[in-house]
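1. the following block contains a protein sequence and its predicted model.
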Amino acid sequence: MTLHLLFTSQSSTLNSLKRTIGEQDAIMFVGDGVYALAGWEGTQTCYYRATDCHQRGLPELATATAIDDTRWVELCLQFPRTLSWKAS
């Protein structure tokens, strides 16, 4: 079980993530990664940092769970591994 932290909406990074992510993994959309949230088609549990959506003028989506920084830390502690995805 891995928590994937997506910090970008760049298509090459998204394609790499899609090839790597497992069914029991979760993904968190952070920073500019929230732009990719609306188009995400995976079946994994999804989270996003609510502050990042608000700062970018994006609406909250029912397909993922909005969280704050405290919950983000809790998720990082809950999952045995975290993997960060940034623009390549």
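-> Now that the structure is in, tell me what you want to look at. Residues are numbered from 1 along each chain as shown.
2. what ranges do the strands span in this protein?
-> 2-6, 26-29, 45-49, 65-67, 81-85 (DSSP state E).
3. deepest-packed of those, please.
-> Comparing those by mean neighbour count (mean count of other Cβ atoms under 10 Å), strand 26-29 ranks first with a mean of 24. Where you see a C-beta, it was placed from the backbone N, CA and C, and this is true even at glycine.
4. quick one: low-confidence parts of this protein?
-> With pLDDT under 70 as the threshold, the chain has low-confidence stretches at 88.
5. looking at it, which residue ends up farthest from its center?
-> G57 (17.4 Å; Cα atoms, centre = their mean).
6. just so I know, which of the strands of the chain lies nearest T13?
-> Nearest to T13, of all the strands of the chain, is strand 81-85, at 5.3 Å by Cβ to Cβ.
7. which residues touch the closest residue in space to D25 that isn't next to it in sequence?
-> In space, and not counting its chain neighbours, D25 is closest to T2: 4.6 Å by Cβ to Cβ, 6 or more residues apart in numbering. Listed by Cβ atoms under 8 Å, 6 or more residues apart in numbering, the contact partners of T2 are 21-22, 25-26, 79-83.
8. quickly list what T2 is bridged to.
-> For T2, the beta-bridge partners under DSSP bridges are R81.
9. turn the strands of the chain into TSV, columns for distance to N15.
-> Shown next, in TSV, are these (distance: least, Cβ to Cβ, whole Å):
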stretch	distance to N15
strand 2-6	12
strand 26-29	14
strand 45-49	17
strand 65-67	24
strand 81-85	11
